[in-house]
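Q: Predicted model and sequence below, questions to follow.
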Amino acid sequence: MSRIGKKPIVIPAGVDVKFNGNEITVKGPKGELKYTFNSDIGVEVAGNEINVTRPDDNKEHRSLHGLTRTLIANMVVGVTEGYKKELDINGVGYRAQKQGNNLVMNLGYSHQVIISEQPGITIEVPGPNKIIISGADKQQVGQFAADVRKKRPPEPYKGKGIKYVDEYIRRKEGKAAKGAKK
């Protein structure tokens, strides 16, 4: 039995869970999320818990069991607490600012890099070198943060670029100075 798949998901107060065939809708204070799961996997609500079951020990069903449970649990956490990713900008003259619904960044290019907010995503810029991306959908927040980071990934020599706050950049040595001739 899947150790993750057999754990029940506790539904907190203020969260509404509805089923329509093999589609689950979770509503909460931070928004509404939908997910269509495999029709072989059983999902039922018992009291204030959601239980995920599988029909047999087939390899595909074992894989989908834990995955479905985790995705539904992430939806419940997303509509109650939400998810956020923090990014740091390092480099001389590199900075970000928010103009309306757009994130405008100066990243050493000859032009400004402009990224628009997506529905379900909020961008905060508390300082010129910090970006906070938040939202209810874990996958959408992570993908948007990766897209922002991709505009100027950190380089290994000076560490200039956009990086996650908890990311460690392996630094490299620069060119060696001219040595003594033999």
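A: All right, it came through fine.
Q: C-alpha from now on. contacts and neighbour counts both.
A: Noted.
Q: sec struct for the residue nearest in space to the middle of the chain, please.
A: Centroid-nearest residue in the chain, with Cα atoms, centre = their mean: Gly142, separated by 2.4 Å. With DSSP: H, G, I helix; E, B strand; the rest coil as the basis, Gly142 sits in helix.
Q: Would you check that it makes contact with Glu86?
A: No - using Cα atoms under 8 Å, Gly142 is not in contact with Glu86, being 10.2 Å away.
Q: mind checking pLDDT for the residue nearest to the centre of the chain?
A: Listed pLDDT for Gly142 reads 96.
Q: Name the nearest residue to it, sequence neighbours excluded.
A: Among residues not flanking Gly142 along the chain, Lys85 sits closest, at 7.1 Å (Cα to Cα, 6 or more residues apart in numbering).
Q: Name the residues that touch the helix or strand where the one you found lies?
A: Element membership for Lys85 (DSSP states H and E) is strand 83-90. Here strand 83-90 makes contact (Cα atoms under 8 Å, 6 or more residues apart in numbering) with 95, 129-138, 141-142, 145, 149, 159-165.
Q: give me phi/psi at Arg149?
A: Dihedral pair for Arg149: phi -60, psi -30, per degrees, to the nearest 10.
Q: which stretches of this protein form helices?
A: 59-80, 138-150 (DSSP state H).
Q: quick one: low-confidence parts of the protein?
A: Counting by pLDDT under 70, the ranges of the chain that qualify are 1-2, 177-182.
Q: what about the strands in it?
A: Listed in chain order, the strands of the chain (DSSP state E) span 9-10, 16-20, 23-28, 31-36, 42-46, 49-53, 83-90, 95-99, 102-106, 113-116, 121-127, 130-135, 161-164.
Q: Mind giving me the packing neighbours of the second one?
A: With contacts defined as 3 or more Cα pairs under 8 Å, 6 or more residues apart in numbering; DSSP states H and E, the packing partners of strand 16-20 are strand 23-28.
Q: Now Glu23: closest residue in space that isn't a chain neighbour?
A: Thr36 (4.2 Å).
Q: Same question for Arg170.
A: Pro156 (6.1 Å).
Q: who's in contact with stretch 152-172?
A: 85-91, 94, 107, 148-151, 173-174.
Q: Please tell me which one of those residues counts the most neighbours.
A: Counting neighbours by other Cα atoms under 10 Å, Ile89 leads the contacts of stretch 152-172 with 27 neighbours.
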